[in-house]
Each structure stands twice: as structure tokens, then as C-alpha cells.
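**Student:** need a structure here:
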Amino acid sequence: MNNDLYAVLAGFGIFLFVFLLVVCILLIVTNWKIFSKAGKPGWASLIPFYNIYIMSDIAFGNLSYFIAIMISWVVSFLGGFLEISILSSLAGLASFVLYIIYCVKISKAFGKSGGFAVGLVLLPLIFFPILGLGSAEYIGPQ
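**Tutor:** Sure thing, here's the model as predicted:
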């Protein structure tokens with residue numbers, strides 16, 4: 001390989017790193033704003049597991065989502081640990097279904113339609129910032 005190819009690959013790597021850094025910062029700010037709009041501390045969006053606990057409270061008004069997602073993760077872990085691939089696959093499917101339900105509930109909690117929930121599921125990098133940084137107001141779990 002010649003030096004020009006190394007330079008191109010290095011440039012692409014730097015571009016990719018900067019792009020991903022910008023996306024991560026955007027998502028952190030977005031989640032912080034969503035939590036703040038819901039009357040929760042924004043810093044809670046940065047704490048693993050606790051942020052899911054708070055998200056459950058914001059979208060559902062109770063801990064049902066938090067408990068369901070934790071069970072799904074434990075089952076997925078056990079499936080991988082015990083090398084039972086069907087168990088991991090089913091847990092992954094359950095997590096995806098829970099994510100869809102979460103998107104519908106968070107959409108309704110901010111007064112948005114089912115179409116907006118579809119956008120949250122299919123294009124989260126666009127629709128979550130619209131929810132967090134836009135004019136949407138939190139009206140509570142529906």
C-alpha cells in the first residue's frame with residue numbers, strides 16, 4: 001500500500017470519529033432536554049440503568065418498562081452464557097418490541113401522534129432530537 005492510501009484512510013477515520021462524537025453529544029443533549037421537559041433531573045440521563053428507570057417513569061408512569069427491559073437483558077445474558085442461542089434471539093426480539101412500545105408511549109407522553117412514534121422507531125437520530133430540542137411539551141403518561 002502506498003502513503004496516499006494511508007492518508008485517505010486516516011482522514012476517513014478522523015472524519016468518522018468526529019461524526020460519531022457529534023452524534024453522541026447530540027444524543028446526550030437530546031436526552032438531557034427530554035428528561036428536563038418531563039420534570040426530571042437532566043443529569044439522570046447520563047447514569048446507566050438509572051436513566052432507564054427514569055425513562056420508564058416518564059413514558060409509562062410506573063416501573064413496568066424498567067422491569068421488562070431488565071428481565072429481557074438478564075434472559076439475553078443467560079442465553080449467551082449458557083449458549084442457548086434461541087433464548088438470546090427471543091430476548092432480542094422482546095427488547096425490540098419493548099422499544100417500539102416505549103416509542104409509542106413517549107410520543108403520546110409528549111402529545112405527539114402515532115406517526116411521530118413510527119418516526120421515533122425508524123429514524124431515532126432525527127425524531128428524538130425533534131422531541132427533545134423542539135417545542136414539544138410533556139403532558140404525562142397516557
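**Student:** which helices and strands does the helix or strand bottoming out on mean pLDDT in the chain pack with?
**Tutor:** Across the helices and strands of the chain, mean pLDDT, DSSP states H and E gives its lowest value to helix 64-81, namely a mean of 88. Judged by 3 or more C-beta pairs under 8 Å, 6 or more residues apart in numbering; DSSP states H and E, the packing partners of helix 64-81 are helix 50-60, helix 85-109. C-beta: built from backbone N, CA, C; applies to glycine.
**Student:** please compute how far the biggest helix by length in the chain lies from its chain's middle.
**Tutor:** The longest helix of the chain (DSSP state H) is helix 3-37. Offset of helix 3-37 from its chain centre (C-alpha atoms, centre = their mean, to the nearest Å): 17 Å.
**Student:** what's the average pLDDT for that helix?
**Tutor:** Mean per-residue pLDDT for helix 3-37: 92.
**Student:** give me the buried positions along it.
**Tutor:** Buried residues in helix 3-37, defined by neighbour count with 16 or more other C-beta atoms under 10 Å: 27, 30-37.
**Student:** same check on stretch 73-83?
**Tutor:** Within stretch 73-83, the residues that count as buried by 16+ other C-beta under 10 Å are 75-76, 79.
**Student:** now those in a markdown table, with distance to I101?
**Tutor:** What follows is the buried residues of stretch 73-83, written out as a markdown table (distance: C-beta to C-beta, whole Å):
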| residue | distance to I101 |
| --- | --- |
| V75 | 17 |
| S76 | 17 |
| G79 | 21 |
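**Student:** follow-up on the earlier one: ok and the longest helix of the chain relative to helix 50-60, angle-wise?
**Tutor:** Inter-element angle recorded for helix 3-37 and helix 50-60: 50 degrees (by axes from the mean of the first three to the mean of the last three C-alpha atoms, to 10 degrees).
**Student:** and helix 3-37, what other elements does it pack with?
**Tutor:** Using 3+ C-beta pairs under 8 Å, 6+ apart, the elements in contact with helix 3-37 are helix 50-60, helix 124-133.
**Student:** any idea how far T30 lies from A7?
**Tutor:** Applying C-beta to C-beta, to the nearest Å, the value for T30 to A7 is 35 Å.
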